[in-house]
Every structure is written in C-alpha cells, then in structure tokens.
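Undergrad: Sequence and predicted model, in that order:
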Amino acid sequence: EGWRRAMDISAFSFVDAGKRASHLMPNGGSMVTLTYLGSERVVPSYNVMGVAKAALEASTRYMARDLGPRDIRVNALSAGPMRTLAMAGISGGKALMRTGREWSMMKQDTKMEGVAGAALYLLSDLGFSCTGETLHVDAGFHAVAVPSMDDDD
C-alpha cells in the first residue's frame, strides 16, 4: 500500500496535473516538478521514494515528448538535501545533510533560493529550448562519488 501511495503522490499526481494544466496553455507554457537524487542512486532510508522519483523523472520525459508539439516544456529539478519537513521525516536525515555539504563541489548546503532560481529559469523564456530535463540543483553533489553513509543521525 505504501508503494502505491508513493507512486500516486510522487509520479501520477504530476502526470494528472500536467494533463489538466496543458489544457490551460493554448499558447504553450512550462511545467516543473521536484525530484531527488534517490531516483538515480541508492540513498539510505529513502527506499520506495527513490523508485517513485525515478518514475516521476521518466514521466517528465514522456510528458515533454507528448506536450512538446504544443510548445509546452516539462522539466524536473533535483534539489539536494535541504532542511525541510520532508527531510525531517527521513531516518538519517542529519547525516544526509552533513554528507551533502561535505561532499558537494561547492562545500555548501543546497539553498532554497538556488532551487527557486532554477525553477524561474525553466519557467521563463530563458529556458525556452529546455524540455525533458532533470536539472540538479545541489551544489554539485550529484557529480561526486560518495562513500557509504551510515543510517544513524
């Protein structure tokens, strides 16, 4: 049941909302969703959400193909670890935050302002030729090989 709920909330809801929103965009437009690196790599304690985020990213690419002829762009932002309510619910979240900061290329936490700026770029005319993409906004963490993390806080 938990797997089905994760898929509904993390993947299908974007497909359904996108289908409905596309009818409100007769002159084209842009849609953005949020994902996480757990879709590409095993992240301790992320479990079924990693599978759901992988489905969300695949759905983003298929939606981009389906809606592209109508001049509607569809992209995803893969934000790094941030202090959010969602992070508070992940066992080992503090260790994940520490690792994200220590191993990122910029040696900093992912900032909400950076994620918001990336979203504005993709939603604006500046992101005109971008569709079907997953843009990592994580201070370079996604590109670094990371040792195994403990599940302990």
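TA: Arrived safely. Numbers count the residues shown, from 1 in each chain.
Undergrad: Find the centremost residue of this protein, please.
TA: The residue at the geometric middle of the chain, judged as the C-alpha nearest the mean C-alpha position with CA atoms, centre = their mean, is Thr35 (1.7 Å).
Undergrad: residue ranges of the strands in the chain, please?
TA: 29-35, 72-79, 134-137 (DSSP state E).
Undergrad: Deepest-packed of those strands, please.
TA: Most buried of the strands of the chain, by mean neighbour count (mean count of other CB atoms under 10 Å): strand 72-79, with a mean of 24. Yep, even glycine has a C-beta here, placed from its N, CA and C like the rest.
Undergrad: packing partners for it?
TA: Counting contacts by 3 or more CB pairs under 8 Å, 6 or more residues apart in numbering; DSSP states H and E, the secondary-structure elements packed against strand 72-79 are strand 29-35, helix 48-67, helix 112-123, strand 134-137.
Undergrad: Using CSV, write down the CA coordinates of the helix or strand of the chain with the lowest mean pLDDT.
TA: Sorting the helices and strands of the chain by mean pLDDT, DSSP states H and E puts helix 85-88 at the bottom, at a mean of 71. Provided in CSV are the C-alpha atoms of helix 85-88 (Å, rounded to 0.1, in the frame of the first residue of the first chain):
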residue,chain,number,x,y,z
LEU,A,85,9.6,18.8,6.6
ALA,A,86,10.2,16.0,4.2
MET,A,87,13.9,15.7,5.3
ALA,A,88,12.8,15.6,8.9
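Undergrad: Cool, thanks, talk later.
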